[in-house]
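Chemist: Build me a structure from this.
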Amino acid sequence: MNTATGDLPVPADGLLLTHFLTVRDVALSRQFYADVFGGEIVMEENPAIVKIANSWVIMNPGGGPTADKPGVTLEVPQNSERVSSFLNVRVADMAAFHAHAVKAGATFLTEPVDRTSEVRCYLRDPDGYLIEVGQSTGLLQGILADRT
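Modeler: Numbering: from 1, shown residues only. A predicted model of the protein is given here:
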């Protein structure tokens, strides 16, 4: 989607979806997303914005309620073992992405796993956010994932 303001996440028409993360260390997280996912740093901070392919990850420190979100406090995950949502990234070549990400310092929970419909694996960012990375394989021929 073209943006009216260059690389900032501003739709020329309709809407555009971004992902906001509350982070402990903006510089560390910003660099992680730029290095591991080949992102372009669009803004350094307040908020930090990294453009990754046709999406943007927006990062800022946590904080208390504001006039537009009364009663809401933003904070980083307190327990990385319990997750209610995660970033899902699709790649064309899992082996190439995995090798690049490991070289860039990413640590994966496991090696990529072939689930018949896709090959996927998970990693965490510096704040513990879970990220799924997958490559559709059998799904492209209508083959669904093996049940676990």
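
Chemist: and residue 28, that's in a helix?
Modeler: Yes - Residue 28: assigned to a helix according to DSSP: H, G, I helix; E, B strand; the rest coil.

Chemist: wait, what's in contact with it?
Modeler: Contacts for residue 28 were tallied using CB atoms under 8 Å, 6 or more residues apart in numbering; they are residue 126. The way it works is simple: take the backbone N, C-alpha and C, and place the C-beta from them, glycine included.

Chemist: Please report how far it lies from residue 14.
Modeler: The spacing between residue 28 and residue 14, counted by CB to CB, to the nearest Å, is 33 Å.

Chemist: just residue 98 next, same as before
Modeler: Taken as CB to CB, the span from residue 98 to residue 14 is 34 Å.

Chemist: higher neighbour count, these two?
Modeler: More crowded of residue 98 and residue 14, by other CB atoms under 10 Å: residue 98, with 20 against 6.

Chemist: Skipping adjacent residues, who's closest to residue 43 in space?
Modeler: Nearest residue to residue 43, sequence neighbours excluded (CB to CB, 6 or more residues apart in numbering): residue 49, at 4.3 Å.

Chemist: Name the residues linked to the residue most central in space within the chain by a beta bridge.
Modeler: With distances taken as CA atoms, centre = their mean, residue 87 lies nearest the centre of the chain, 4.5 Å away. Per DSSP bridges, the residues bridged to residue 87 are residue 131.
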